[in-house]
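> Whatever this is, show me its structure:
(chains A and B)
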Amino acid sequence: MSKQFQFKLVLLGESAVGKSSLVLRFVKDQFDDYRESTIGAAFLTQTVTLEDQTTVKFEIWDTAGQERYKSLAPMYYRNANCAVVVYDITQASSLEKAKSWIRELQRQADPSIVIALCGNKLDLAARRQVSQEEAKKYADEEGLMWGETSAKSGEGVSEIFTAIAKKLPLTAPPSARGAAGRPGAARTGVDLNKQANAGQGQNEPCNC
Amino acid sequence: MDLSSPPSGGSFATSQPKTELTVTIDPGQGSPFTPITLQTNDIPGLRRVLDECKRLKEAASAEREGDYDFEPFGWVAPYIADDVLPPLCESLVATPYSLYALSPIPPDLRKIKKPVHTRLSVASAGLPGDDMADVEAIREDWMRRKVEDDLFARSEKAKLRCRICFGRAIRIGTFNVNGKMPSQDLSAWVRGQVGRSGSTFIPPLKEISPLSIGEVQKDPLEERMEALDLHPAPDNASAIAADASSIRTAADTVTSGTVSVGTVSEDTAVSDAGADVSSEGPDDPDMLVLGFQELDLSAEALLYSTKTVREDAWCMAVFAGLGEKAALYEKLVSKQLVGMLLVIITKKRLRACFSEIRTCSVGAGIMGMLGNKGATAARLLFTPLPSGPSAADYEGRPVTLTFVNAHLAAFDEMFDKRNADFHDLSKRLLFDSGIVADESVPGGGNGYGPATIQLRVFDTDALFWLGDLNYRLMLQDADIRALLASEELQEENIRTLRRFDQLVFAMRSKKAFEDFEELPIAHPPSYRFAGGVLTDRLGYDLKRKPAWTDRILHMASSAISVKQLDYSSHPTITMSDHRPVSAAFEVQAPELAIQEYEEFVERLWRDVASLEYLEERPRVRVSPATIDFGRVFYKRAATRRLSIENTGTVPCCFRFVPHAPTADPCPLWLRMSAMTGLVMPGEKAELTLSVLVDDSIASQLNVGITHLEETLVLHTALGRDHFVAVTGDYERTCFATSISWLVRLPGPVRELNSPSDILSEDRGVNAPREIMRLVNWLMSQATDVPDLFLCLDTGAEFDLDESEGKGKVALAVADTLAQLLDSLVEPVVPTALHGRCAEMSSRDEAFELLDQFPVVNVNVWISLTAFLHFLGQQETYLDKVKRLVAFFTPVLFRDDLSSSVPVSVVGKRNFLRYFIG
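Predicted structure coming up:
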């Protein structure tokens, strides 16, 4: 019998590094050349199947990168099991921004959070400003996962999410989230683990 | 014992010492509940309790397998039935969700009075709640609005043709008759101020006095009453038995006779009084609803209340009070429980509009059972008569009207009991709809589960709640009498008294009658009057505080328009210790064919029926992403638009969510025209955001950070969150601050850059410059302006002619001063000292007490009262001082409305009087 797990994943990083594109590639295997800047936070899900037939369902929150909305980010990374912090390999400043996000996560997020540093826009390697060595060294020092991707070509995208899935603690039940319904998962009952808490938590959030 | 979570694994032990049985309910090991022990000698009762325990235990263990059809005892139903939904329209039984819009039973008024966002699941940014349930609630609300905005509004446009129904009024009256029999003309109460001409029909008092009640049968008056159809004729009686179909037929028959409003059809003119006098006037109500209390105070009436002698006598008196118009009316239904009687009288012409008439009653008196207190109620459907030519096979959509006549617990101190009575009656007053709830359940013979759907009094389009509600005034006895005794200040004093009315307090604090409406009372208290020596000058009994015990409240859904036109008491009717009270309402219901309505709703439903199951995610464009209000001023509203455009292919439900689960989705200074909504693909929802800084917000912003900034989070159900940044810069004001802060301002308040720039306490000025400027200007420029502060109260013309601008400016300046003083966070007289002030019995004492005020408050007080004193001297009559005192007392001594033991108003006025009188 295959096992199912469900994890909350949040994407963080400077505006225009390609967070939404990365998610779109991962979830729908699509790419838009012209995407509007995200003003808000999008929720999507995607399931990864590992070699041992274990399936990992990611509940992904793709957040707005603009500085103006920074104060809202904690609302989205609280209770997250994993975070993908994205920078643009053609913009050195975006790595600095990524580092500041990582510091914030280390300080304020769940201590067991799995963080992956992701250099995007690998298709533009010709204009590279951030070397692989530099980023990798930083990631090693901080104990982060690291990888480079191209949302445009698709290179490295599924690899980084699969790597995260493998790194997550698949033995323990995933996190102690409240049983409040998640979009798309609220009543469909896809998650085996959820049914156990459904009884006690279901009544609670609904005050109607 | 908690019926909802029966003890699992528990055991019941019975033992039998002597004749009493002891039952111990042990919740079992590891349970947080302690065992409960009960003693009884009621063996059959105990058997039922044990049966129920066993059944619950069985249900509890079976529920885990999810297949036990849990059915509680019938008597618990009113207490747990809050979420029982009415059945669907037959054509929609196949849909997965119940659809209020199509149910023949209107939704609970209490529920739809609450904005939909308060009924959604708990959610916040990044933590969506139960989106599926939210979609249902938002969709339901959207459908209701669509029906109201599109369908009802459309029928309103055709108003003159088809919206006439209760074009005139429903007149409602309540009268606690204190066990008396009718002995006076009731026309003032049943007809209001009109109908004096009908005096020839007022019966001689003697003929229906209690002493002659036995002889009434032979009286010529009675014969007339019979001719007037006082008692329901046999065919009406069968209609009251609520056979809907027969009523519909009746309606159809009348319809084909093309009865039109404004003319009298032939069969209503049966009166022997002749066609002249019985023709309808524009003020004759279509419906007369009268509630009596204490109809019969005799001891045996508590136990046997089958006699209708008193009901007949009062009905007769009512019809007599209608004078020559009585011929137009007939009794539709009545319901009596001991002393409480509800009578509904309608125009004969409209009789066919009423159907499905149900009544019920509940005793709430001694032991919660006896009928000395409680309520009787009636519920009926009103179907507007079609006025156009299309009448043949037209079936109109009815509206539901419900009337409750209640008598709640008496005595000043029983405030909580009255509130409890209200809630108890709300639960226990149930009408049997006759609709079988679930055909698979065999009839309720075994006491399990109701066989038919029970309707609550709130399951209606309009609810009128009248009666002797017995709410009193929270002021001291002497205060009330003094305020009532003053003739020249009657209006002002009634307004003052109203602030201390327990019912108003209960409504405001949501303890009872939440969301009910009532026109502000302008009549004197209707209780308690007496004859003889133990009364005050106004006739009020010295042993009881006067109070507005007799009330008429209402509540209506948007499916119907109810407007209260009048609210009065009738001091000429003196036979009881209460005075009767009446209210007139204009009620309008859209005239719509059922078929048209149902088609409309079904069409709406088709578009949104399964939206929570769609694979496609909703997509919207929210613009603008940033809203800047610019400079924001105290009490000056500013608005901006926000549009939510559905750019996807599926309907989108949205709601604003807070940043954290316990927070508010929207900051206090911002209001949104909607907190939720549904947008169809290709459509756009336009919201209005408005910023308004009122006293309570200004009091915080004035002394804090003035930059307003908030990011609103708009969550689309099953989709993403959108951010809308809202900003503004508040300009500080001297309003809504404190005197002690104002004196520490280094200059005008707008020049203050940061709250920390304020002067230290010892460096402040003697009195706020802002208040002093206004007082000084008025003192030097405007003491000759008549009716300063008072022209709105006295109705005096604004003095603008002779000195053109000056008078106008003076009035405005005076008003500014009053508003500035009223906006202070703490009134000029510190709240803690109000009690002491009210106790002062001489001018010297009063001046001495000023030492207790903070110095700056004394300075304000002295200069202000000196000015008012001067103003008071400008005219010879004493009246002026009295009026100024009455006007300024609530400003300078703002009442603490959260306190249930208010400080004497008269005492506070006297204190002020010592300074300006």
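> C-alpha only now, for contacts and for neighbours.
Noted.
> for chain A, what are the low-confidence residue spans?
Counting by pLDDT under 70, chain A has low-confidence residues at A:1-2, A:171-208.
> Now do the domain split for chain A, please.
Taking automatic domain parsing as the criterion, chain A consists of the domains A:4-177, A:181-208.
> Just name the most buried of those domains.
When you average the neighbours per residue for each of the domains of chain A (mean count of other CA atoms under 10 Å in any protein chain shown), domain A:4-177 leads with a mean of 18.
> With respect to residue B:460, which of the domains of chain A lies nearest?
Smallest distance to residue B:460 across those (CA to CA): 20.0 Å, for domain A:181-208.
> how about the domains of chain A in CSV, adding distance to residue B:711?
Shown next, in CSV, are these (distance: least, CA to CA, whole Å):
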stretch, distance to residue B:711
domain A:4-177, 8
domain A:181-208, 22
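> Including distance to chain B, could those go into CSV?
Supplementary listing: the domains of chain A in CSV, determined by distance: least, CA to the nearest CA, whole Å:
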stretch, distance to chain B
domain A:4-177, 4
domain A:181-208, 4
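> Next, the contact list for residue B:508, please.
Going by CA atoms under 8 Å, 6 or more residues apart in numbering or on different chains, residue B:508 touches residue B:514.
> Just the pLDDT at residue B:65, thanks.
Reading off the per-residue confidence, residue B:65 sits at a pLDDT of 52.
> for chain A, what spans make up the helices?
Remark: helices assigned in chain A by DSSP state H are A:19-28, A:73-77, A:92-108, A:132-142, A:157-167, A:192-201.
> Any idea how many residues pack against residue B:683?
By the criterion of other CA atoms under 10 Å in any protein chain shown, residue B:683 has 15 neighbours.
> The stretch 301-450 of chain B: strands as residue ranges?
Secondary structure of the stretch 301-450 of chain B, counting by DSSP state E, counting those that start in this stretch: strands at B:329-337, B:340-347, B:354-363, B:374-382, B:399-407, B:430-436.
> So which of the ones you listed is nearest chain A?
Ranking the strands of the stretch 301-450 of chain B by their distance to chain A (criterion: CA to the nearest CA) puts strand B:430-436 first, at 22.6 Å.
> Three-state assignment for the closest residue to residue B:477 other than its chain neighbours, please.
Distances taken as CA to CA, 6 or more residues apart in numbering or on different chains put residue B:545 closest to residue B:477, at 5.4 Å, once the chain neighbours are dropped. Here residue B:545 takes the coil state, with states given by DSSP: H, G, I helix; E, B strand; the rest coil.
> After the helix or strand of chain B with the lowest mean pLDDT, which helix or strand is next? Please name it.
With mean pLDDT, DSSP states H and E as the measure, the helix or strand of chain B carrying the lowest mean pLDDT is helix B:159-162 (a mean of 31). As assigned by DSSP states H and E, the chain's next helix or strand after helix B:159-162 is strand B:169-176.
> can you give me the mean pLDDT across that following strand?
Strand B:169-176 shows a mean pLDDT of 93 in the predicted model.
> Parallel or antiparallel, list what pairs with it.
Strand pairing for strand B:169-176, determined by DSSP bridges: strand B:287-293 (parallel), strand B:581-588 (antiparallel).
> got a list of contacts for it?
Outside strand B:169-176, the residues touching it (CA under 8 Å, 6+ apart) are B:189-190, B:283-295, B:405, B:466-468, B:550-552, B:576-587.
> next one: stretch B:636-651
With CA under 8 Å, 6+ apart as the contact definition, stretch B:636-651 has outside contacts at B:608, B:611, B:614, B:616-624, B:627, B:629, B:632, B:652, B:678-693.
> switch the cut-off to 6 Å
B:618-623, B:679-692 (CA atoms under 6 Å, 6 or more residues apart in numbering or on different chains).
> Restricted to strands, list those.
Per DSSP state E, strands hold the following members of the contacts of stretch B:636-651: B:620-623, B:679, B:684-691.
> PyMOL command to pick out the buried ones of those?
Buried residues within the ones in strands among the contacts of stretch B:636-651, as defined by 16 or more other CA atoms under 10 Å in any protein chain shown, are selected in PyMOL through the command that follows:
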select buried, chain B and resi 620+622+623+679+684+685+686+687+689+690+691
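> tell me which of the ones in strands among the contacts of stretch B:636-651 is nearest to chain A?
Out of those, the member with the shortest distance to chain A (by CA to the nearest CA) is residue B:622, at 9.1 Å.
> Leaving out sequence neighbours, find the closest residue to the closest one.
What sits nearest to residue B:622 in space, not counting adjacent residues and going by CA to CA, 6+ apart, is residue B:644, at 4.6 Å.
> so the one you found, which of the three states?
Here residue B:644 is strand, with the state taken from three-state DSSP.
> The helix ranked longest in chain B and chain A, are they touching?
The single longest helix within chain B, with elements called by DSSP H, is helix B:43-63. No. Using CA under 6 Å from any CA of the partner chain, we find that helix B:43-63 stays clear of chain A, coming within 11.5 Å at best.
> just the CA coordinates of that helix, formatted as CSV?
Included here for helix B:43-63 are C-alpha records, laid out as CSV according to Å, rounded to 0.1, in the frame of the first residue of the first chain:
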residue,chain,number,x,y,z
ILE,B,43,-40.8,5.3,38.4
PRO,B,44,-42.3,5.7,34.9
GLY,B,45,-40.3,9.0,34.4
LEU,B,46,-37.1,7.2,35.5
ARG,B,47,-37.8,4.5,33.0
ARG,B,48,-38.0,7.0,30.2
VAL,B,49,-34.8,8.7,31.4
LEU,B,50,-33.0,5.3,31.4
ASP,B,51,-34.4,4.5,28.0
GLU,B,52,-33.1,7.7,26.7
CYS,B,53,-29.7,7.2,28.3
LYS,B,54,-29.4,3.8,26.7
ARG,B,55,-30.5,5.1,23.4
LEU,B,56,-27.9,7.9,23.6
LYS,B,57,-25.2,5.5,24.5
GLU,B,58,-26.2,3.3,21.6
ALA,B,59,-26.2,6.3,19.4
ALA,B,60,-22.8,7.4,20.6
SER,B,61,-21.2,4.0,19.9
ALA,B,62,-23.0,3.7,16.6
GLU,B,63,-22.2,7.2,15.4
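> So which bits of the stretch 251-400 of chain B are right by chain A?
Remark: no part of the stretch 251-400 of chain B is in contact with chain A, using CA under 6 Å from any CA.
> Quick check on the residue nearest to residue B:691 when sequence neighbours are not counted: phi, psi?
Once flanking residues are discounted, residue B:691 sits nearest to residue B:670: 4.6 Å by CA to CA, 6+ apart. In this entry, residue B:670 is assigned phi and psi values of phi -120, psi 140 (degrees, to the nearest 10).
> tell me the pLDDT at residue B:670?
96.
> Next, count neighbours for it.
Burial of residue B:670 is recorded as 17 neighbouring residues (other CA under 10 Å).
> So for stretch B:530-542, what gets flagged as buried?
B:530, B:535, B:539-542.
> List just the nearest of the residues you listed to residue B:516.
Of all the buried residues of stretch B:530-542, residue B:516 sits closest to residue B:540, with 28.7 Å by CA to CA.
> Residues in a beta bridge with that closest one, which ones?
In this structure, residue B:540 bridges to residue B:529 when assessed by DSSP bridges.
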